[in-house]
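1. Give me a model of this one.
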Amino acid sequence: MNKSEALDLLVEQALRGDLVFSASVATSLRVQEAIDVADCSLDSAAKIILNEPLLAAKVVAVANSVAYNRSSNSVSNVRSAIARLGFNTLRALVASLVMRQIAGASKHPVIRAKINQLWEHSAQVAALAQVIARRVTKLDPDTAMFAGIVHEVGGFYLLSRAEEFPCLLEPDDLSGANDDANFDELNETMAKDSQEAIIGRAVLKDLNLPNEVNDALEALWYGLRAMPPESLGDTLLLANDLARTVSPLDTRTDTEANRCESDINFVVGEGSLQSILEESEDEVRTLSAALII
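-> Purely as a prediction, here's the structure:
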């Protein structure tokens, strides 16, 4: 089986809702359901999170990041961390745990390296989206961070199946893509839903995400962005372009994928995007590092 055939099979399974998840994903989804209850109290949420040690560590680390700890007053327990972050951010952090668990813990060194790179990329996009939403597009920063955390959901799922289908690790064969003989076929493929979008949507059904996050992911999958950014989708696309660590599943060339702040710059109030990113460098660095835990 080649890569194209494997992707077609996974897309077919996704369309049927026949997805393969580890038991840990189901556990984390129950955590998500528990904190989504309307009358879930701070104490109840803290007890729930304490049952997941990695999640508890991440909650405290994010609460102590520069983005959320402006007064340099560190917290040392989950209850205080949740009180500082709020339930919207807590839901985003639970989603981050689900993303890691979807990918699984492969023993294959190549797959493990790609999972780690994809998570590093996702954490950077989440941190950048949080800053861009707060400083540029004036959207809810917690929702933007949430969107950044889950934006590679389809990629994490593909990597979770890579041991079963090693051909998924093969690079895309783009040779001859511009030949006249292949031009019509290429246009037809681009007109259809991408495989990533189909698989991503199927996984998202189980995550019960807010509609605005789903809409932002659709914008990301189709690459439609306004400049300067306005919507949550624009925010996510811009953060994705600015992330220093590129997704290992990115099919763009190195030149296209490694765009720095100076390549995407525009006026924001009395400053510019580049100046905002420079001012927020510590926020992005500490928040992305906390998310990687």
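2. For the longest helix seen in the chain, buried residues please.
-> Longest helix of the chain, by residue count under DSSP state H: helix 109-132. Buried positions in helix 109-132, judged by neighbour count with 16 or more other C-beta atoms under 10 Å: 111, 114-115, 117-132. Placement of C-beta: from N, CA and C, glycine included.
3. Not counting its own residues, what contacts the next helix or strand after it?
-> Downstream of helix 109-132, the first helix or strand assigned by DSSP states H and E is helix 141-150. By C-beta atoms under 8 Å, 6 or more residues apart in numbering, the residues outside helix 141-150 that reach it are 86, 88-89, 91-92, 95-96, 99, 122-123, 125-134, 137, 204, 207, 209-210, 212-213, 216-217, 232, 235-236, 239, 287, 291.
4. Could I have the buried ones of those as PyMOL selection syntax?
-> In PyMOL, a selection of the buried entries from the contacts of helix 141-150 looks like this (16+ other C-beta under 10 Å):
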select buried, resi 89+91+92+95+96+99+122+123+125+126+127+128+129+130+131+132+133+134+137+204+207+209+212+213+216+217+232+235+236+239+287+291
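5. by how many degrees do the longest helix of the chain and helix 141-150 diverge?
-> Angle, helix 109-132 to helix 141-150, by axes from the mean of the first three to the mean of the last three C-alpha atoms, to 10 degrees: 160 degrees.
6. when you give positions from now on, start the count at 845
-> Let's use 845 as the start, then, which means that last one is helix 953-976.
7. And helix 953-976, what does it pack against?
-> Applying 3 or more C-beta pairs under 8 Å, 6 or more residues apart in numbering; DSSP states H and E, we find helix 953-976 packed against helix 931-947, helix 985-994, helix 997-1004, helix 1076-1086, helix 1117-1123, helix 1125-1136.
8. Just say which of those is most tucked in.
-> Highest mean neighbour count among the helices and strands packed on helix 953-976 (mean count of other C-beta atoms under 10 Å): helix 985-994, with a mean of 27.
9. Just the C-alphas of the longest helix of the chain, formatted as PDB.
-> C-alpha atoms of helix 953-976 as PDB (Å, rounded to 0.1, in the frame of the first residue of the first chain):
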ATOM      1  CA  PRO A 953      11.900   7.100  16.800                       C
ATOM      2  CA  VAL A 954      10.900   8.800  13.500                       C
ATOM      3  CA  ILE A 955       7.200   8.800  14.500                       C
ATOM      4  CA  ARG A 956       8.000  10.000  18.000                       C
ATOM      5  CA  ALA A 957      10.200  12.800  16.600                       C
ATOM      6  CA  LYS A 958       7.400  13.900  14.300                       C
ATOM      7  CA  ILE A 959       4.800  13.900  17.100                       C
ATOM      8  CA  ASN A 960       7.100  16.000  19.300                       C
ATOM      9  CA  GLN A 961       7.700  18.400  16.400                       C
ATOM     10  CA  LEU A 962       4.000  18.700  15.700                       C
ATOM     11  CA  TRP A 963       3.300  19.400  19.400                       C
ATOM     12  CA  GLU A 964       6.000  22.000  19.600                       C
ATOM     13  CA  HIS A 965       4.500  23.600  16.500                       C
ATOM     14  CA  SER A 966       1.000  23.500  17.900                       C
ATOM     15  CA  ALA A 967       2.100  25.000  21.200                       C
ATOM     16  CA  GLN A 968       3.800  27.900  19.400                       C
ATOM     17  CA  VAL A 969       0.700  28.500  17.200                       C
ATOM     18  CA  ALA A 970      -1.500  28.500  20.300                       C
ATOM     19  CA  ALA A 971       0.800  31.000  22.100                       C
ATOM     20  CA  LEU A 972       1.000  33.300  19.100                       C
ATOM     21  CA  ALA A 973      -2.700  33.100  18.500                       C
ATOM     22  CA  GLN A 974      -3.400  34.100  22.100                       C
ATOM     23  CA  VAL A 975      -1.100  37.200  21.700                       C
ATOM     24  CA  ILE A 976      -2.500  38.100  18.200                       C
END
